[in-house]
Structure formats: structure tokens, C-alpha cells
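# No letters, just coordinates:
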């Protein structure tokens with residue numbers, strides 16, 4: 001009986017589906033990865049979420065034929081080493097897209113209306129109505145870097161706010177951009193003209209540190225940056241500087257570099273930053289969807 005190892009807290013839908021079809025499934029999100037792999041060295045399939053699948057882990061599974069990432073991107077998997085050993089690597093594109101697109105809108109609204117800070121203040125017994133003067137999303141310009149599944153869903157969800165959308169994605173055709181209502185333009189134009197910039201690009205050798213000091217200095221005063229993609233694509237030191245000197249009005253970060261973010265991170269000293277624990281893809285609906293697709 002072929003064994004499928006799921007060393008992560010994945011919705012039970014996948015384990016049940018595979019068991020019903022005759023597979024031997026081990027679902028364990030509590031045991032340390034290396035220990036679990038050693039105890040199940042005969043596994044032929046590995047389904048993971050954000051666990052790091054290194055050459056050392058792969059070498060412990062001599063029968064491994066397939067790794068499925070229950071999520072988007074492969075940055076936690078050594079794909080080159082896997083494919084060198086004739087192991088296929090797949091992911092579940094689009095499974096988390098609705099959840100992430102909605103989180104971006106939530107970040108924009110929460111940052112613009114000081115929702116988190118106002119809640120904390122009010123719970124302390126203060127009533128600082130004038131302190132939390134907000135800004136409306138309606139009528140603003142939103143720049144989106146990356147118009148794949150998530151980027152396109154974000155455009156649709158923003159349509160009710162009557163925003164102007166600028167987009168950058170070399171893979172998107174002008175015809176589809178026009179249909180979506182997106183003005184395709186350069187990265188520099190997006191950072192210069194947008195009130196909000198939302199990042200939806202993968203992490204790779206070309207994109208790490210891509211959002212650097214030069215681009216952040218192009219942003220107009222009062223603009224905001226939203227990152228629900230990958231932490232390393234942003235030069236965090238440059239972002240902190242832009243937030244501290246008032247160049248940016250705020251930021252919404254669901255991802256950081258490193259993860260988890262250190263408790264003494266300078267980000268936590270900034271009142272105009274919302275930081276969440278890479279939970280944008282995490283909803284009840286997306287958990288079931290990603291498990292089913294995986």
C-alpha cells in the first residue's frame with residue numbers, strides 16, 4: 001500500500017479522500033518533521049504547507065516520487081534537488097487566492113482608518129476621536145505588482161471602491177488588463193502615482209530586495225504599502241526608514257523577513273504598521289480548498 005506522509009496541520013479532507021482510495025496516509029502536524037520522516041522513510045508522497053523541505057529531508061525518503069505544496073510558491077522546497085532526484089514538485093495555485101485578496105482589502109481599510117490603534121486606545125478608556133482621523137479608500141489609486149490569481153481577484157474586490165488600478169505583470173496581456181480595468185504600466189510609475197501599493201509577486205533570486213529604498217522614495221507622502229506575498233521581496237530596513245521619517249503613512253504586513261518576526265523588531269515600535277503572522281491565506285474555506293486540491 002503506497003504511503004502518503006502529511007507532516008503538517010492540513011485539513012483532514014485530504015487524508016480522508018486518500019484513505020478512501022486505498023492509500024496509507026500518515027497525518028501528523030505535531031511531531032518534528034525530521035523525526036516523522038525518519039519514522040516513515042517508505043513514504044512515496046509528501047504533502048506539506050510551509051515546512052522546509054531540504055536535501056537532508058529528501059535524502060531520508062528514498063522512495064519519494066512527489067512533493068505537493070499545499071499553498072502557493074515553492075520557496076520552502078529545494079526544487080532543484082528534488083527534480084535532480086526525479087521527484088516531481090507541485091503546488092495548489094489559486095486555492096488561497098480569495099482569502100489573500102480579502103486580507104489585502106482588510107489591511108487597506110484597517111490602516112486607513114486606524115482600526116487597530118483606535119481599538120487599543122478605546123479599550124484603555126481613552127476616547128480619542130480626533131486623533132484617529134482616517135482616509136477613505138474610495139477614489140484612490142491602487143498599484144498592484146503581480147496580476148496572477150490573487151492580483152486579479154483583488155482588482156475585482158476593489159471595484160466597489162471606484163479606485164483607479166495601475167498594474168505591473170509582464171505575463172498579463174493588454175486585452176485581459178483592459179477587461180479587468182487595469183492600466184498596465186511600469187513599476188516606477190506604480191510607486192510614483194499610487195496611494196496604495198500591494199505586492200503579489202513570488203520570492204526568487206530576481207525579486208528578493210526588489211522593493212528597495214529607491215522605489216520607496218518614489219512614493220508620494222501619505223501612501224501605504226501592503227505586503228501579503230513574501231517578506232524577503234521588501235528591503236525591511238528601507239521600509240522602516242520610510243515609515244519612521246513619515247514618507248509612508250502606513251504599511252500592512254502579513255509577511256516579514258525573517259518569520260516569525262522577532263519580538264524586538266523595530267516594526268513593533270511603529271504605530272502606523274499592522275503586522276499579522278502570515279495568516280492571509282488562512283480561512284476555513286481556503287483550508288478545505290487547499291486540502292482538496294493537494
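Nice, thanks for sending it over. These numbers come from a predicted model, not from an experiment.

# show me what contacts the closest residue to residue 77 other than its chain neighbours?
Distance criterion C-beta to C-beta, 6 or more residues apart in numbering; nearest residue to residue 77, sequence neighbours excluded, is residue 53 at 4.4 Å. To be clear about C-beta, it is placed using only N, CA and C from the backbone, and glycine gets the same treatment. Listed by C-beta atoms under 8 Å, 6 or more residues apart in numbering, the contact partners of residue 53 are 46, 67, 76, 77, 78, 82.

# For the stretch 101-250 of the chain, which segments count as strands?
Here the stretch 101-250 of the chain has its strands, by DSSP state E, counting those that start in this stretch, at 141-145, 164-168, 182-184, 196-199, 223-227, 248-253.

# centroid residue for this protein?
Residue closest to the average C-alpha location in the chain (C-alpha atoms, centre = their mean): residue 229, at 3.2 Å.

# mind checking how far the closest residue to that one other than its chain neighbours is from residue 111?
Leaving aside its chain neighbours, residue 229 sits nearest to residue 199 (4.6 Å; criterion: C-beta to C-beta, 6+ apart). Using C-beta to C-beta, to the nearest Å, residue 199 is found at 14 Å from residue 111.

# got the contact list for the nearest residue in space to residue 48 that is not next to it in sequence?
The shortest distance from residue 48 to any non-neighbouring residue, by C-beta to C-beta, 6+ apart, is to residue 8 (5.5 Å). Neighbour list for residue 8: 29, 47, 48, 49, 50, 51, 70 [criterion: C-beta under 8 Å, 6+ apart].

# How about residue 122?
Each residue near residue 122 by C-beta under 8 Å, 6+ apart is listed here: residue 128.

# Repeat that for residue 162.
138, 139 are the contacts of residue 162 under C-beta under 8 Å, 6+ apart.

# so residue 135 touches residue 112, yeah?
Yes. Counting by C-beta atoms under 8 Å, residue 135 touches residue 112, with 4.8 Å between them.

# Pick out whichever of these two has more residues nearby.
Taking neighbours as other C-beta atoms under 10 Å, residue 135 and residue 112 compare with residue 112 leading, 19 against 15.

# Report whether the expected contact of that one with residue 137 is present.
Yes. Using C-beta under 8 Å, residue 112 makes contact with residue 137 at a distance of 5.9 Å.

# Packing partners of the lengthiest helix in the chain?
When the chain is scanned for its longest helix (criterion: DSSP state H), the result is helix 97-112. Secondary-structure packing of helix 97-112 (3 or more C-beta pairs under 8 Å, 6 or more residues apart in numbering; DSSP states H and E): helix 149-158, strand 196-199, strand 223-227, strand 248-253, strand 273-275, helix 284-293.

# ok, residues contacting that helix?
Contacts to helix 97-112, defined as C-beta under 8 Å, 6+ apart, come from residues 115-116, 134-137, 142, 149-150, 153-154, 156-158, 196, 198, 224, 226, 228, 249-252, 254, 272, 274, 276, 279-283, 285-286.
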